[in-house]
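1. one predicted model, sequence on top.
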Amino acid sequence: MGKIFCFMGKSACGKDTIYKQILSDKSLPLKTLIPYTTRPIRNGEQNGVEYFFLTEEELQELEQQGKIIELRAYQTVHGIWKYFTVNDYQLDLAHNHYLIIGTLESYIRLQEYFGAESLVPLYIELEPGERLQRALNRERLQAEPKYAELCRRFLADEADFSDENLLRCNISKVFRNDDLDKCTKEISSYIKELI
């Protein structure tokens, strides 16, 4: 059986960058498991790469078809944004290993759906001041920066990824992103041990 390696971490900890570097490593037989969202696409994102960007109506169709594995809704300063995983053509755990970016909540729900033995947490951590600076730098590049949402998300992540919540989810291994190359190599080695 294949495994789903689930990248998690607070916003702007570097998980997207590390995710892309791990995927580009040809020595790792990993496929992507691209999540879905109803939030607006950001500058530089591509539909079907970081996320599948759907409308609320398209989400409702998938719900009616019984294809939603897990769904999270967040009240942002710009309205409700939903993130979800779909049981679609992407999944074949009998033959493949996958890489996904998620949250603790999505990790738990994926474990419930596929079984704990199929999920491997990859929790990335970065010093809070550095994370905040990265998030601010990224937001400044947007056509319409959403600073209030950046602040809301930063504070929400502090609570969501608390030590208590990590412990509750049985996540004890932490990859510190103080050095991007070193962190990426550590994660790559860890994945190779498990597949």
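-> All right, it came through fine. Quantities reported herein were computed from a predicted structural model and do not represent experimental measurements. Numbering: from 1, shown residues only.

2. make it CA atoms for all contacts and neighbour counts henceforth
-> Fine.

3. which stretches of this protein form strands?
-> Taking DSSP state E to define them, one finds strands in the chain at 4-9, 30-32, 36-37, 52-53, 68-76, 79-86, 97-101, 119-125, 174-176.

4. could you list the low-pLDDT ranges of the chain?
-> Residue ranges of the chain with pLDDT under 70: none are present.

5. please identify the residue most distant from the middle of it.
-> Distance to the chain centre peaks in the chain at residue 64, reaching 24.6 Å (criterion: Cα atoms, centre = their mean).

6. and it, what does it touch?
-> Counting by Cα atoms under 8 Å, 6 or more residues apart in numbering, residue 64 makes contact with nothing.

7. next, count neighbours for residue 134.
-> Residues near residue 134, counting by other Cα atoms under 10 Å, number 16.

8. repeat for the one 3 residues further on
-> The local packing of residue 137 (other Cα under 10 Å) involves 12 other residues.

9. coming back round to it: dump the strands of the chain to TSV, plus mean neighbour count and distance to residue 144.
-> Formatted as TSV, these follow (neighbours: other Cα atoms under 10 Å; distance: least, Cα to Cα, whole Å):
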stretch	mean neighbour count	distance to residue 144
strand 4-9	23	25
strand 30-32	19	29
strand 36-37	21	19
strand 52-53	20	18
strand 68-76	15	15
strand 79-86	17	15
strand 97-101	22	25
strand 119-125	21	28
strand 174-176	16	31
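
10. so can I have JSON lines of the ones you listed showing distance to residue 146?
-> JSON lines is the format used below for these (distance: least, Cα to Cα, whole Å):
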{"stretch": "strand 4-9", "distance to residue 146": "20"}
{"stretch": "strand 30-32", "distance to residue 146": "28"}
{"stretch": "strand 36-37", "distance to residue 146": "18"}
{"stretch": "strand 52-53", "distance to residue 146": "19"}
{"stretch": "strand 68-76", "distance to residue 146": "10"}
{"stretch": "strand 79-86", "distance to residue 146": "12"}
{"stretch": "strand 97-101", "distance to residue 146": "22"}
{"stretch": "strand 119-125", "distance to residue 146": "23"}
{"stretch": "strand 174-176", "distance to residue 146": "27"}
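
11. quick one: closest of those to residue 16.
-> Nearest to residue 16, of all these, is strand 97-101, at 7.7 Å by Cα to Cα.

12. and the angle from that closest one to strand 79-86?
-> Per axes from the mean of the first three to the mean of the last three Cα atoms, to 10 degrees, the angle that strand 97-101 makes with strand 79-86 is 170 degrees.

13. show me how far strand 97-101 is from its chain's centre.
-> Distance, stretch centre to chain centre, for strand 97-101: 9 Å (Cα atoms, centre = their mean, to the nearest Å).
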